[in-house]
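Chemist: when you get a sec, could you give me coordinates for this:
(chains A and B)
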Amino acid sequence: MFRIATWNVNSLRVRLTHVLDWLATNQPDVLALQETKMTDDLFPVQSFEQLGYQAIYSGQKTYNGVALLSKLPLQSVATSFPGYADPQKRVLCATVKKIAVLNLYIPNGSEVGSEKYQYKLDWLSQLQAYARQLLQTHTHCILLGDFNIAPTDEDVHDPVEWQGKVLCSEQERASFFNLIDAGLKDCYHLFPRQDNRFSWWDYRAAGFRRNRGLRIDHILADTALATHCTSCRIDVAPRKLEQPSDHAPVLAEFDI
DNA sequence: ATGGTAGTTCAACTA
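Modeler: Below you'll find the model as predicted:
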């Protein structure tokens, strides 16, 4: 059995006890974190070691930052797409059990047509190339993280309100399905959909209380590995705690 | 038509 999860924690400093509690309860083999918002010298390595997790991380001050926590040995780490120099720390790749695990914090994009949106599209085209490379060079691949893309209207609380907006625009969605077409499955879709189950809710305007959410955090597995997936669920429990992240963790299980 | 909150950092930015 292999259990892997993703969680945008929106500051690991603030969310450390939430993450430690969640690890202790759910016992994933691997947890991918996004938006750690801390430099590597401040990463709380020992807190995770005490729970039996090795940590690798690529962080920066104030923004972004990704990490992988693992009970199993991690190998061949990469912290960027080859040939794409990005000062923003959004990528962390390692192999676990001969699976290439790619932890992603895809840019938000701010607003359709903005400079940040163009950066997102450029970044996504870099991801396309790297994902294809990984799929060719590794028997198994898992891409997971905060994709900042709601793939279809089913993933949006109010598709009319969100139509054409960032996270839902045609170009972003096309890029997501282009990635799927490279040979990946959205593990969430391998099981009956939990109605109106989202992974992110805006802190503003009581987004969570009103379930005004989007499903933008994903776990994708290569088609062969996907046949071994036995569950994939969004865990909203941590979103109900005091001082929660605006994202909920997503957890998938494989019988390998 | 554009606010609402949260985190980092301490005025303004990102989400």
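
Chemist: I'd assumed residue A:226 was in contact with residue A:188.
Modeler: No - applying Cβ atoms under 8 Å, one finds residue A:188 not in contact with residue A:226, separated by 11.0 Å. To be clear about C-beta, it is placed using only N, CA and C from the backbone, and glycine gets the same treatment.

Chemist: and the helix or strand harbouring residue A:6, how far out from the chain's middle?
Modeler: Under the criterion of DSSP states H and E, residue A:6 resides in strand A:2-8. When distances are taken as Cα atoms, centre = their mean, to the nearest Å, strand A:2-8 is centred 8 Å away from the chain's centroid.

Chemist: at the contact with DNA strand B, which residues of chain A appear?
Modeler: Contact residues, chain A versus DNA strand B (Cβ under 7 Å from any atom of the strand): A:10-11, A:13-14, A:37, A:61-63, A:107-108, A:110, A:116, A:202-205, A:243.

Chemist: among these, which are in strands?
Modeler: Residues from those lying in strands, with DSSP state E as the criterion: none.

Chemist: can I get the buried part of those as one ChimeraX selection?
Modeler: A single ChimeraX command suffices to select whichever of the residues of chain A next to DNA strand B are buried according to 16 or more other Cβ atoms under 10 Å:
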select /A:10,37,107
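
Chemist: can you give me the buried ones in the worst-scoring helix or strand of chain A on mean pLDDT?
Modeler: Across the helices and strands of chain A, mean confidence by mean pLDDT, DSSP states H and E is lowest for strand A:75-78: a mean of 92. For strand A:75-78, the neighbour count (16+ other Cβ under 10 Å) marks residue A:78 as buried.

Chemist: ok, stretch A:189-208 next?
Modeler: Buried residues in stretch A:189-208, defined by neighbour count with 16+ other Cβ under 10 Å: A:198-201, A:207-208.

Chemist: and the strand holding residue A:6, average pLDDT?
Modeler: Per-residue pLDDT over strand A:2-8 has a mean of 99.

Chemist: swap in stretch A:186-201?
Modeler: Along stretch A:186-201, the predicted confidence averages to a pLDDT of 92.

Chemist: and the contacts of it?
Modeler: A:8, A:146, A:151, A:154-155, A:157, A:180, A:207-208, A:211-221, A:226, A:229, A:231-234, A:236, A:239, A:246-248, A:250, A:252 (Cβ atoms under 8 Å, 6 or more residues apart in numbering).
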